[in-house]
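# Pasting a predicted model and its sequence here:
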Amino acid sequence: MDHQFGRAFKINQSSQYSSVFNNADFRVSSPNLTFIVKENNLSHGRIGVVVAKKNIRRAVDRNLVKRIVKESFRKGEVSTLMVDIVVLVRSNLIRLSRKQQNEDLTSLWQALIKKVNYRNSRS
RNA sequence: UCAUUAGGCUGGGUAGUCGCUUUUACUUUUUUUGUAGAAGAGGAAAGUCCGGGCUCUACAGGGUGAAGCGCCAGGUAACUCCUGGGAGGUGAAAGCCUACGGAAAGUGCAACAGAGAAUAGACCGCCAGUUUUUACUAAUUGGUAAGGGUGAAACGGUGCGGUAAGAGCGCACCGCACAGUUGGUAACAACUAGUGGCAUGGUAAACCCCGCUUGGAGCAAGACUAAAUAGGAAUCCUAUGGUGUUACCCGCACUGGAUUCGGGUAAGUUGCUAGAGGUGCUUGGUGACAAGCAUCCCAGAUGAAUGACUACACAGGUAUUGCAAAAUACUAGACAGAACCCGGCUUAUAGGCCUAUUGACUCU
RNA sequence: GCUCCCAUGGCACAGCUGGAUAGCGCGGCCCCCUCCUAAGGGGCAGGUCGGAGGUUCGAAUCCUCCUGGGAGCG
């Protein structure tokens, strides 16, 4: 499997972010994370992580969370889906252990894939 | 060996897999893609508290105001920083701390207590005179700052003389001020058969005075490319006006301005990392630091690159067992992430290592 | 990147040209009033003035450094 993760896989403009926020197709969430999802016309998925300074105070932790989320996005199959994903992070995530974080993420990815497949089969 | 104090260094390691950013070479018609290689967070990157560089603004002119600093000498691009020295405070010592100019230019402040709180002050007390009384008792007039008491603070201290009682009233010693001499670049220190009888209480992180420093804005500074170009309509105000110009006035430069309607843009490149640079050696200096020589190129992201997983060894923490040594299990964790760049300050910081100092104990 | 403000009982505020018992309203507790409640009246508790240093005889107040919260400019 190809595990590339270049700049094309990131959402990197504020207009793109706001379009996802305003025209979201559906959401998937856990107590610590929320995924906001919108279908796109590209051949691959894109991801952007939003971490509020209020939720996670230290810059080290904020960057670490972003890296972890992107890493799991890259490893999984979600990057092949044609969706834009914005991830909102809550303050509890940093208190969990690394294992729990990964479990939380993988379960959310699976739920997301199910929803996308369901929508595709209906249309 | 234990404790104390001061200073410095380090800031987990090795291997593998998958990724990220920049870049070099090759590949490719250019972009892209691919292959191989190289580089990729800190001592505080932090707080934004000071000082500079750099950029723009009249290359900043004058005045008022405002802010900061304040023993002396040196270092530095500069500083409110650093080094060395002095003075004061503190500690048994090594050490540590100090916004450390002026209260003899002026103004103000000092609650409560106390007689009196700043051109001193008679509450008790002491002494003298007068009157009175059994009384050295009381009253009154005056003298008196030695004693008591108040307070954070009471207008030199101790002793002797002196006196009605007292008083720098006189003397000796101490302290203080001034002067001189010596040492020191200086702050300052030491000394004197010296002069003065003592004047000058505290507070300037109260106003203030003196001296020194500071024009303002900040890489979203600024420059360029492309696009849009921007000119249009209406109304109103006016060359004693507006902008540059972020305290105010003058001066200087440029110039008509404001509101509404409708419309458009907000993309990229550069600035951007060769620097008061790093490393090593030598020389000068007590030191901060400086000079010379050699050598190296060492992060440049932009919803923002340095991460994840696995294994091993070492040290650590927690729990259990154990007299202990140790064993087993779990855990991975110091503080923390560059955003134009430097010099400092301040704050956060697990564990480890090194050097010196002082004290105690033991041995030789 | 730059600049400024605030923090005082449970809550919202005053005191900030230094002077000691830190005050007011709402709330809490107790008592009175009422058949009972509300309203009304009386009383009580509750504060190391965000933290740490410094200046001063004396600091909520002045100065310095931190912590937390909020606002503005571009």
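That came through, no problem. Keep in mind it's a predicted model, so treat the numbers as computed, not measured.
# contacts, neighbours, all on C-alpha from now
Will do.
# Can you tell me the SS state at the residue most central in space within chain A?
By Cα atoms, centre = their mean, chain A has its centre lying nearest to A:Val87, at 4.2 Å. Of the three states, A:Val87 takes strand according to DSSP: H, G, I helix; E, B strand; the rest coil.
# wait, doesn't it sit right on A:Asn32?
No. In this structure, A:Val87 sits apart from A:Asn32 without contact. The criterion is Cα atoms under 8 Å, and the distance is 10.5 Å.
# Contacts for the longest helix seen in chain A, please.
As assigned by DSSP state H, the longest helix anywhere in chain A is helix A:98-122. Outside of helix A:98-122, the residues that reach it under the criterion Cα atoms under 8 Å, 6 or more residues apart in numbering are A:Val28, A:Ser29, A:Ser30, A:Val69, A:Ser72, A:Gly76, A:Val78, A:Leu93.
# buried set for that helix?
By neighbour count, and taking 16 or more other Cα atoms under 10 Å as the criterion, the buried residues in helix A:98-122 are A:Gln101, A:Asp104, A:Leu105, A:Leu108, A:Trp109, A:Leu112, A:Val116.
# close to RNA strand B, is it?
Yes. Contact check for helix A:98-122 against RNA strand B, using Cα under 7 Å from any atom of the strand: residues in range are A:Arg98, A:Lys99.
# chain center to that helix: distance?
10 Å (Cα atoms, centre = their mean, to the nearest Å).
# Tell me where chain A has helices.
Taking DSSP H to define them, one finds helices in chain A at A:14-22, A:59-75, A:98-122.
# Just give me the lowest mean pLDDT stretch among these.
The minimum mean pLDDT among those belongs to helix A:14-22 (a mean of 73).
# Pull the residues that contact that helix.
Helix A:14-22 is contacted by residues A:Ile11, A:Ile36, A:Val37, A:Lys38, A:Gly48, A:Asp84, A:Ile85, A:Val86 when judged by Cα under 8 Å, 6+ apart.
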